[in-house]
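> show me how the following folds:
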Amino acid sequence: MKRVLLILCFLLLTVGAQAQQVVDSVCVDTALIGIISTESLFPPERSFGNFLKRTGKSIKSGIRFLDKTDSTYIEPNHYDWTVMGQNSNFFQVISMSAKTEKYHYQTLSFRPKPMFKIGPYLGWRWIFLGYSVDVSRPSSAGKSTEFDFSVYSSKVGGDLVYIHNNGNFRLRKTEGLEGVDKFQFSGTDFHGLEVNTLSVNAYYIFNHRRFSYPAAYNQSTLQKRSAGSVIMGFRYDKQKLTFDYTQLPSPLNERDSVSSVMSDELKFSRLSYQDFCLSAGYAYNWVCARNCLLSISATPALGYRAEKGTKVKYDKLLHNVIRYVAVDFIGRAGFVWNTGDKFAGVSYVTHLYGYHSRHLTIANSVNYLNVYAGFYFGKKPKYLRQ
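As a prediction, the model looks like this:
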């Protein structure tokens, strides 16, 4: 009997210990549930609408970060919508210069037929959409593709330029060629030049709280007081030129039996290179009169040139330093009349891409001239009572 009682006591103690362990486990789990939020244990269902809301908030936060300004110098736009009409003009100049055996220079200058575009634009806050038509010549005559895109904010900005021009050039002038007048062949069509240009430029504006590029070039702010800023950035350029001098008018293209008056250095057939540059410059906005702003900036760039088919000879790097150094330039100028609800103005932007070797220099100048006028509508909610 005693043995049975002992066995029963042992079983009761064992079951009691196991029960206590279960209770302890439940208490621990309950404590964890108190610490971990219900939302973490049971996350809400993710939807596409919530994703769009989160994305929109992130974009707005990024824009606010890029557009922090000093209100005594810069006034933000009070409207959500913008309507604008714009006339866009694009023109390019290619200049080739070579040193002759007699140590004087010969220069050939070309330019494509200019583009004259007009069109309407509609903007919502920082997004602009529009369509422009080239009215300078019939569409069948076009042999070029031109695209440019610029971003202007208070802190940072950027430019993207792409141009492909295939044979749509005219001779502009010839200099230093014996027996050939400077403007003898001016306006003559030339189909022996093909130019491809790709350029990406990004920069940072140091005095962004007081200086506003958008006030001068995309009318999204108002510059109330004059201010300037140092600008620094990075740019990448890729250039490719194909040149057939035999399509030049006589006597420039004479060869074989008759000696040409043109230097052999100008008789290259293909040139391809890339530039990697650091840029630094200065920009200034001058509030010259009530509601009137005059802006000007200059940003030279200096860097390294990688020419296709040419290897860097490090033992002669200093001797041939001019061959590997890239020197480029971006200039801007603009005049704006802006009352806060309507505006008009003109802007000019030039990109200069330079190539230099011991005997050959090529300058590719890309230029944009815009004339525009428009008005704002749809006030932002926080400005409705003003």
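> now the spatially most central residue of the chain: how far from residue 328?
The structure's the chain has its C-alpha centroid closest to residue 159; by CA atoms, centre = their mean the separation is 1.3 Å. Using CB to CB, to the nearest Å, residue 159 is found at 12 Å from residue 328. C-beta coordinates here come from the backbone N, C-alpha and C atoms, glycine included.
> and residue 136, what does it touch?
Residue 136 makes contact with 113-117, according to CB atoms under 8 Å, 6 or more residues apart in numbering.
> so which of those is surrounded by the most neighbours?
Neighbour counts for the contacts of residue 136, by other CB atoms under 10 Å, peak at residue 115, which reaches 19 neighbours.
> looks like it contacts residue 90 (just checking).
Yes: counting by CB atoms under 8 Å, residue 115 does reach residue 90; the two are 4.3 Å apart.
> and for residue 132, nearest residue in space, chain neighbours not counted?
The shortest distance from residue 132 to any non-neighbouring residue, by CB to CB, 6 or more residues apart in numbering, is to residue 119 (3.2 Å).
> what's the helix or strand harbouring that neighbour in contact with?
Residue 119 is part of strand 115-124, with elements assigned from DSSP states H and E. Residues from elsewhere that reach strand 115-124 (CB under 8 Å, 6+ apart): 80-91, 128-136, 144, 146, 374.
> which ones among those residues map onto strands?
Among those, DSSP state E puts 80-91, 128-130, 133-134, 144, 146, 374 in strands.
> which among those residues end up buried?
82, 84, 86-90, 134, 144, 146, 374 (16 or more other CB atoms under 10 Å).
> related to what we said a few turns ago, for the residue nearest to the centre of the chain, name its beta-bridge partners.
Residue 159 has these beta-bridge partners by DSSP bridges: residue 150, residue 201.
> likewise residue 87?
Beta-bridge partners of residue 87, as defined by DSSP bridges: residue 118, residue 371.
> how much space is there between it and residue 300?
Separation of residue 87 from residue 300 (CB to CB) stands at 29 Å.
> got it, and residue 163?
Residue 163 is 21 Å from residue 300, by CB to CB.
> more neighbours: which of those two?
residue 163 (21 against 14).
> list the contacts of the helix or strand that one falls within.
According to DSSP H and E, residue 163 maps onto strand 156-166. With contacts defined as CB under 8 Å, 6+ apart, strand 156-166 is touched by 66, 92, 112, 143-151, 193-205, 213, 330, 351, 366.
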